[in-house]
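> structure for the following, please:
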Amino acid sequence: MALRTAIVMSPDRGGAFDILQRMARLGLGGPIAGGRQYMSWIHETDLARAVNLLLDNEFDGPVNLAAPNPLPQRDFIRTLRQAVGMPIGLPATRWMATLGAFILRSDTELLLKSRRVAPGRLTDAGFTFEFAEWTAAAQDLVRTK
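Coordinates of the predicted model:
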């Protein structure tokens, strides 16, 4: 079995959500390069539950660990801004994203490449997500932080 994991959203310090939340709180959480690229994600609770399911059952081949409803980056970040109570989010151009990724020691591809991953094998196996929608996940993660 091979696990392919979307960006894991966890309230822990130093993770992807921590960085995105800080940017949103500072008003820097706007669309990146237009924001049409899709973002796949998974809440840490669902990741742990999915891994437990996989350990308890036999799966052959690749399994996508991602929430069932990816969304465009502009909608993803707008929802996060709403969860943290920030009404504005300055947009970023491609070169700004490249500079930001360099400063954060990350890969620009994570910000600019579209990823629209579906957890077909998980849902086919009967897995139900506690956080299938980003709105509920973002609100939960902000409360937990």
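> doesn't residue 4 belong to a strand?
Yes - according to DSSP: H, G, I helix; E, B strand; the rest coil, residue 4 belongs to a strand.
> quick one: pLDDT of it?
Per-residue confidence at residue 4 stands at 93 (pLDDT).
> again, but for residue 111
66.
> just the one 3 residues further on next, same as before
Looking at residue 114, its pLDDT is 74.
> so where's the protein shaky on pLDDT?
Along the chain, the model assigns pLDDT under 70 to residues 101, 104, 107-112, 145.
> tell me the centre residue of this protein?
residue 41 (3.2 Å; CA atoms, centre = their mean).
> my guess is residue 135 contacts residue 80. True?
No - here residue 135 lies out of contact with residue 80, judged by CB atoms under 8 Å, at a distance of 9.6 Å. All C-beta spots, glycine's among them, are computed from the backbone N, C-alpha and C.
> roughly how far apart are the residue sitting furthest away from the middle of the chain and residue 42?
Residue farthest from the centre of the chain, counting by CA atoms, centre = their mean, is residue 58 at 26.8 Å. Distance of residue 58 to residue 42, given as CB to CB, to the nearest Å: 22 Å.
> and residue 2, what does it touch?
Residues in contact with residue 2 (CB atoms under 8 Å, 6 or more residues apart in numbering) are 61-63.
> oh sorry, the question was meant for residue 139
Taking CB under 8 Å, 6+ apart, we find residue 139 in contact with residue 83.
> give me the element it is part of.
Under the criterion of DSSP states H and E, residue 139 resides in helix 134-144.
> can you pull the buried residues of that helix?
By 16 or more other CB atoms under 10 Å, the buried positions in helix 134-144 come out as 134, 137-142.
> so residue 45 touches residue 132, yeah?
No - contact criterion CB under 8 Å: residue 45 and residue 132 do not qualify, at 11.6 Å.
> the chain: strands as residue ranges?
Remark: strands assigned in the chain by DSSP state E are 2-5, 7-9, 38-39, 41-43, 62-65, 71-72.
> how about residue 53: what's its closest non-neighbour residue?
residue 127 (5.7 Å; CB to CB, 6 or more residues apart in numbering).
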